[in-house]
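*Asks:* Next come a sequence and a model predicted from it.
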Amino acid sequence: MRYINGFMQPFAIIALLLILGRVVMELWLSRANQSHVCVHANEVPILLRGIMDQPTYRRSVDYTLAKNRFGDIVNAFHAVILIAVLFSGVLPWAFEKFSANFGSSVLAMAGFLFLMGIGLSLPGLPFSWYGQFRIEQRFGFNTTSMKTWIADRIKGLLLTLLLGCPLLILVLKLIEWTGANWWLWAAAVVIAFQLLLLLSAPAIIMPLFNKFTPLPEGELRQRLFALAQRTDFPTRGIELMDGSKRSRHSNAFFTGLGRFRKIVLFDTLVAQLTAPELESVLAHEIGHYKKRHVIKMLGASLAGIVMAFAAIAWLARQQWFYRAFGFEHQPGFAASGSCRMVPAMLLFALLAGTITFWVSPLIHIWSRHFEYDADAFAAATMGETQSLIQALRKLSEKNLSNLTPHPLYSSFYYSHPTLLERERALQEGA
Ligand SMILES: [Zn+2]
């Protein structure tokens, strides 16, 4: 009964409104975007003529619509699951049963959180499968075999178990060791772990999923190495990745930190672009490094970790927070220590997305600013804008990018400016 009572708590109502507010906004944005692209479905918009031909444009509209419609189902389903999990009383029930059977030691609590995490990620699996093997397949992008797809999930689970569990145990131990300021210690440890992961991921974790090879000898290699030397970027940090193992989508990205930094070009990208176009893409990626975007983004995400732990520590002291979700008078609750924090961690993890969703437009303004900046760096380094413009046009075409998103939709979901915005900025800069 107390679970149901929890439902009446003011904060439970606020949380419910936040979840509903998010899903309504998601569905509305998607509807707005769908009607926005449908206006031009049968005719290429004037601004895009000469950039995309009619059949490709039509396919990009169909791809956008298919992804949006599927996304609507996924978002609605997730909201229903979240509401059910938070307000049915299943969480306090599971916590009680688990503590009764396995005690409230740090190990038991870490096990509880881990099992909860796995349990809560299971409902998303069929959607992930459908997205890959139905939608991506239909538009000719999927190259993932069932074997690779299953292996990816198993590797991901093992990595969480091997890396996530020890970290979780350490954080829970810190609660017992350090008292009221535990959250500062926990944030410091998680940040250190994050940095270590960033340093080692390119060498240790990423090769578990993909093959990385140096650029093959030839004109392209000479060209890219010349650019790297010109911009003082280590040439051994440029590698090819077999992106074609999973998808025909093409991309390039910057990863790692310090001496271990690396720019990765997908083999699909190398197959699609000419040597000067690839050079401009590499120049853009080097721009992200030179303009210190990577460090700034990292700083922001580390600040996010501190804020998250501060929020958990504060919420864990609020009776109303627990009461709202049926976590009252739990055995072991009177005692301080990690057991007290575990429900707060779980609830925070479940609710964080409903808040960060509203912040995403702000983060995207920031990341788009970085994209313009990296484009300008590429244009300055190349001494011309045409190669980059051609590269971006080809990327949009090959990836069937939606070139006419609804402005509000793109503000919530696009970390990069649209093709037309980037072209305009490049031409103005020139
Ligand atoms: Zn970029």
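*Replies:* Nice, I can see it.

*Asks:* For the protein, list the residues in contact with the ion, please.
*Replies:* Proximity of the chain to the ion (Cβ under 5 Å from the ion) is limited to residues 371, 374. C-beta coordinates here come from the backbone N, C-alpha and C atoms, glycine included.

*Asks:* I'd like the distance between Ala349 and the ion.
*Replies:* Distance of Ala349 to the ion, computed by Cβ to the ion, to the nearest Å: 29 Å.

*Asks:* what residues are up against that residue?
*Replies:* Ala349 sits next to Gly117 when contact means Cβ atoms under 8 Å, 6 or more residues apart in numbering.

*Asks:* Secondary structure element holding it?
*Replies:* Ala349 is located in helix 338-382, with elements delineated by DSSP states H and E.

*Asks:* can you check Leu240 too?
*Replies:* According to DSSP H and E, Leu240 maps onto strand 238-241.

*Asks:* Phe254 now?
*Replies:* Phe254 belongs to strand 252-255, assigned by DSSP H and E.

*Asks:* chain center to the helix or strand just after that strand: distance?
*Replies:* Counting by DSSP H and E, the next helix or strand C-terminal to strand 252-255 is strand 262-266. Centre-to-centre, strand 262-266 and its host chain are 18 Å apart (Cα atoms, centre = their mean, to the nearest Å).

*Asks:* picking that back up, only C-alpha atoms, please: export the strand holding Leu240 in CSV.
*Replies:* Output of strand 238-241 as CSV, limited to C-alpha atoms (Å, rounded to 0.1, in the frame of the first residue of the first chain):
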residue,chain,number,x,y,z
ILE,A,238,45.9,8.6,-38.1
GLU,A,239,44.2,5.2,-38.6
LEU,A,240,41.7,3.4,-40.7
MET,A,241,38.8,1.6,-39.1
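
*Asks:* Now do the same for that strand: mean pLDDT, whole number.
*Replies:* The average pLDDT within strand 238-241 is 94.

*Asks:* Touching that strand from outside, list them.
*Replies:* 210-216, 224-225, 228, 262-267, 270, 282.

*Asks:* The residues you listed, buried ones only, as a PyMOL selection?
*Replies:* To isolate the buried ones among these in PyMOL, judged by 16 or more other Cβ atoms under 10 Å, type:
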select buried, resi 210+215+224+225+228+262+263+264+265+266+267+270+282
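
*Asks:* now the end-to-end length of stretch 257-274.
*Replies:* 29 Å (Cα to Cα, to the nearest Å).

*Asks:* Listing partners with orientation, what would you give for the strand holding Leu240?
*Replies:* Take DSSP bridges as the rule and strand 238-241 pairs in its sheet with strand 212-214 (antiparallel), strand 262-266 (parallel).

*Asks:* So which of those strands is nearest Pro45?
*Replies:* strand 262-266 (28.5 Å; Cβ to Cβ).

*Asks:* just checking, next helix/strand downstream of the closest one?
*Replies:* With elements assigned by DSSP H and E, the helix or strand that comes after strand 262-266 is helix 267-272.

*Asks:* Rebuild the strands paired with strand 238-241 as CSV, extending it with mean pLDDT.
*Replies:* Converted to CSV, the strands paired with strand 238-241 look like this (pLDDT from 0 to 100):
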stretch, mean pLDDT
strand 212-214, 94
strand 262-266, 92
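
*Asks:* For the ones you listed, please prepare JSON lines with the additional fields distance to Ile154.
*Replies:* As requested, those are exported to JSON lines (distance: least, Cβ to Cβ, whole Å):
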{"stretch": "strand 212-214", "distance to Ile154": "21"}
{"stretch": "strand 262-266", "distance to Ile154": "23"}
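
*Asks:* Show the pLDDT at the nearest residue to Asn42 once chain neighbours are set aside.
*Replies:* Counting by Cβ to Cβ, 6 or more residues apart in numbering, Asn42 lies nearest to Arg58, which is 7.3 Å off, once chain neighbours are set aside. If you check Arg58, the pLDDT there is 94.

*Asks:* What helix or strand is Arg58 located in?
*Replies:* Applying DSSP H and E, one finds Arg58 within helix 54-87.

*Asks:* What helices and strands are in contact with that helix?
*Replies:* Contacts defined by 3 or more Cβ pairs under 8 Å, 6 or more residues apart in numbering; DSSP states H and E place helix 54-87 against helix 2-8, helix 10-38, helix 125-130, helix 338-382.

*Asks:* which of these is buried the deepest?
*Replies:* helix 338-382 (a mean of 18; mean count of other Cβ atoms under 10 Å).

*Asks:* That one: what's the following helix or strand?
*Replies:* With DSSP H and E, the next secondary element past helix 338-382 is helix 386-398.

*Asks:* what comes up buried for that following helix?
*Replies:* Within helix 386-398, the residues that count as buried by 16+ other Cβ under 10 Å are 387-389, 391-398.

*Asks:* List of residues touching it?
*Replies:* Contacts of helix 386-398 (Cβ under 8 Å, 6+ apart): 51-52, 56, 60, 248-250, 269, 272-274, 276-281, 283-284, 375, 378-379, 382, 401, 403, 419, 422-423, 426.

*Asks:* Could you measure from the residue lying closest to Trp366 once chain neighbours are set aside over to the ion?
*Replies:* The shortest distance from Trp366 to any non-neighbouring residue, by Cβ to Cβ, 6+ apart, is to Ala300 (7.8 Å). Computed with Cβ to the ion, the distance linking Ala300 and the ion is 16 Å.

*Asks:* before we move on, what about Trp185?
*Replies:* Distance from Trp185 to the ion, by Cβ to the ion: 35 Å.

*Asks:* next one: Arg221
*Replies:* For Arg221, the distance to the ion equals 22 Å [Cβ to the ion].

*Asks:* what's the angle from the helix holding Ala349 to helix 54-87?
*Replies:* Orientation check (axes from the mean of the first three to the mean of the last three Cα atoms, to 10 degrees): helix 338-382 against helix 54-87 gives 160 degrees.
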